[in-house]
Each structure stands twice: as structure tokens, then as C-alpha cells.
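1. Give me coordinates for this.
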Amino acid sequence: MDINNIKIDDVPTTAEELAAYDEKFKKTSQVEIDAKMAEEREKFLQKQPSDKEMEEKLVEHLRQIYDPELPVNIYDLGLVYNIECWTNEVSMLKMCKITMTLTSATCSFSQVIVDLVKSIVTRQEGLENIDVDIVFDPPWGQDKMTDDAKLAMGLL
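-> Numbering: from 1, shown residues only. As a prediction, the model looks like this:
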């Protein structure tokens, strides 16, 4: 075990780890430990995207998810009505809620689309959870599509 890789907020789980932790930090006062942990927390937070930046990253991911029946991604198709992100005060990671609809209430691929949206969590660093809320009011219509989507569908 390399003693240099041990951080102040690591939790030793074996006798060897505890011995190495004690060797490195045994002369450290609680005040110094608290200060070091605060410093580590601040470094972690500085690496985390803002809520707005996370929302923009989600849009990038959503543009990679295509409706299985159409040649257009679900964002440009106008299925996403709202994206809201905030920071979980315990984990300091982002939590997000996506309010979206489907082209039809009887869409046979609805669960596939929802699962694909929820799977963004596995690909986006700093994201803890995505809650997907499917709504049908207001109903989806072609007017919600971007011009690029309309062009791809032959509507322009």
C-alpha cells in the first residue's frame, strides 16, 4: 500500500489500511483534518458543472437518442419540454428532472425511450440521478419540432 495515495477522508477497511492511515495522519489534529476535508470538498465542488452546464450536457446526450420509429433525435423532435438540474446536498452530485412527452400515448417504444434517457447517468460524470416525467399535456405536435427535424422528416 502506497502511503502517498491515502487521502484524509479515506475510510480504512483493513488492518493494513488503518496502520498506513495512522502512520500518515497520527500527528494530525482534528482541526487540521477538518480543514483538509474542507479543502478536498472544495476541490471536488470546483470540478462539478453548474446546474446550467449540466442541463446543457443533458441536451447533448438527448440529441444522441433517436426515436426508434423516426430518423430524428428526441430533443429536436420536440419531445423534451423541460430540463431542471440541482445539486444533491449530501452527495454534491447533480440530480435532474426531465419532463417530456411521446409522439403518441400508445407509443410502443415508450419504455425504451425512457430507459435510454435514464441511462445518461452512466455516461455523464457528476450526475447522480435523472427522473423522467412523461406528460401528455400539452400534447406533442409537429410544431414542437426544430427546423432540422422537419427537414429530416421531409416536412420543409
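2. Break the chain into its domains for me.
-> Taking automatic domain parsing as the reference, the chain has its domains at 3-47, 51-152.
3. Point out the most buried one among those.
-> domain 51-152 (a mean of 16; mean count of other CB atoms under 10 Å). For every residue, glycine as well, the C-beta is placed using N, CA and C.
4. tell me the mean pLDDT for that domain?
-> Domain 51-152 shows a mean pLDDT of 93.
5. Distance from it to the middle of the chain?
-> 12 Å (CA atoms, centre = their mean, to the nearest Å).
6. what about that domain, how long is it end to end?
-> Domain 51-152 has its terminal residues 31 Å apart, counting by CA to CA, to the nearest Å.
7. Could you number the chain from 215 rather than 1 from now on?
-> Sounds good: first residue 215 from here, last item domain 265-366.
8. Residue 247: what's it in contact with?
-> By CB atoms under 8 Å, 6 or more residues apart in numbering, the contact list for residue 247 reads 222, 239.
9. so it is in which element?
-> Element membership for residue 247 (DSSP states H and E) is helix 244-261.
10. helices or strands up against the following helix or strand past that helix?
-> Going down the chain from helix 244-261, the next helix or strand is helix 265-276, by DSSP H and E. On a contact count with 3 or more CB pairs under 8 Å, 6 or more residues apart in numbering; DSSP states H and E, helix 265-276 meets strand 294-301, strand 308-314, strand 341-348.
11. Who are the packing partners of the first one?
-> Counting by 3+ CB pairs under 8 Å, 6+ apart, the packing neighbours recorded for strand 294-301 are helix 265-276, strand 308-314.
12. Pull the residues that contact the first one.
-> Residues outside helix 265-276 that contact it (CB under 8 Å, 6+ apart) are 263, 287-289, 294, 297-301, 308, 310, 312, 331, 334, 337-338, 340-341, 344.
13. ok, now the shortest one?
-> Outside strand 308-314, the residues within contact range by CB under 8 Å, 6+ apart are 262-263, 265, 268-269, 272, 276, 288, 293-302, 331, 340-349.
14. That one to helix 265-276, inter-axis angle?
-> Orientation note: strand 308-314 sits at an angle of 50 degrees relative to helix 265-276 (axes from the mean of the first three to the mean of the last three CA atoms, to 10 degrees).
15. following strand 308-314, which helix or strand comes up?
-> Trace forward from strand 308-314 with DSSP H and E and the next one is helix 324-332.
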